[in-house]
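A.B. asks: quick one: sequence plus predicted model below, questions after.
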Amino acid sequence: MSGENIIEVRGLRTQFGDHVVHDGLDLDVKRGEILGVVGGSGTGKSVLLREIVGLLRPAAGTIRVFGQDVGALSGAAREAVERRWGVMFQDGALFSSLTVRENVEVPLRAVPGLTDSQRQGLAELKVAMAGLPWNANAKFPSDLSGGMRKRAGLARALALDPEIVFLDEPTAGLDPIGADAFDRLIVALRDALNLSVFLVTHDLDTLHACCDRIAVLAEKKVLVTGTMAEMLKVDHPWVHEYFHGPRARAAQTTEEAGGQTADRGKG
Ligand SMILES: Nc1ncnc2c1ncn2[C@@H]1O[C@H](COP(=O)(O)OP(=O)(O)OP(=O)(O)O)[C@@H](O)[C@H]1O
């Protein structure tokens, strides 16, 4: 991990009508790190992700990615920046009428000069990198398990060799073994591809297994950031309950037992 901030959010305000979700939110993501973003339901984790990737416009504040103010970019400059990140949405957000390989080909269609067979080959490579078997390429999303759909969504997020991957609750709905495998895949891909990862999660096991740092959203901002060890010392009611409650103890026990899945999600 370098000290360079690959994402910098400053003074972010998000408002839907009278409902203020973020007010004065600051956040840094460092190049090469896996940052876990946690917080109670409705604290605006997914909205923050959507704002950083430009799907929602904040009411105020700046978001710089790769040093560029993404809110100020348009046209070709904006597209060039968007090609440098990949997003995996919670449900995979796959096109149901396309096969897995065709879904992964969608972002590759924007790359000039690729022949059909080069594009197909690249898509198949990403499908393999996401840990899917060869025969998944020709399957439709409806033929896949939830875990396989997530891997297909990840393959699509990796299509353009991104520098940053955004993952929205990647292990939600997975069984413990599938979730453990996904955690390991995220770390392996970060190490192999030198990715920076912005990971929204409720999953304490994922925080233990994957994240270099954690950012806690509460009180309309990033209340605190730090390592898991630092989170354990934070004296704030929500943070304390989250990191010391029964689920946290189960996750800690699992980690101490060498990452075995037996206790994952219990508590
Ligand atoms: N397009 C929208 N219009 C109006 N309100 C919205 C919109 N998108 C999100 N919200 C509201 O913003 C708040 C934050 O939503 P968000 O989905 O980011 O929460 P979250 O922290 O990801 O929650 P969870 O952990 O439950 O997924 C919620 O109160 C939600 O209802």
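C.D. replies: Good, I have the coordinates. Numbers count the residues shown, from 1 in each chain.
A.B. asks: tell me the secondary structure for residue 234?
C.D. replies: coil (DSSP: H, G, I helix; E, B strand; the rest coil).
A.B. asks: spatially nearest residue to it (excluding sequence neighbours)?
C.D. replies: Distances taken as CB to CB, 6 or more residues apart in numbering place residue 224 nearest to residue 234, at 5.4 Å, with adjacent residues excluded. Quick note: C-beta positions are derived from backbone N, CA and C, even for glycine.
A.B. asks: for the helix or strand containing that neighbour, what is the distance to the chain centroid?
C.D. replies: Here residue 224 sits within strand 221-226, counting by DSSP states H and E. Counting by CA atoms, centre = their mean, to the nearest Å, strand 221-226 is centred 17 Å from the centre of its parent chain.
A.B. asks: what's the answer for stretch 70-82, then?
C.D. replies: Here stretch 70-82 is found 21 Å from its chain centre; the criterion is CA atoms, centre = their mean.
A.B. asks: can you list contacts of that stretch?
C.D. replies: Under the contact criterion CB atoms under 8 Å, 6 or more residues apart in numbering, stretch 70-82 has outside partners 52-54, 57-58, 62-66, 68, 110.
A.B. asks: wait, what's in contact with the residue of the stretch 51-200 of the chain found nearest the ligand?
C.D. replies: Nearest residue of the stretch 51-200 of the chain to the ligand: residue 200, at 6.4 Å (CB to the nearest ligand atom). When contacts are counted by CB under 8 Å, 6+ apart, residue 200 is found next to 37-38, 45-46, 48-49, 167-169.
A.B. asks: could you redo the last one with a cut-off of 10 Å?
C.D. replies: By CB atoms under 10 Å, 6 or more residues apart in numbering, the residues touching residue 200 are 35-39, 45-46, 48-49, 90, 166-170, 172, 215, 217.
A.B. asks: which of those residues count as buried?
C.D. replies: 35-39, 45-46, 48-49, 166-170, 172, 215, 217 (16 or more other CB atoms under 10 Å).
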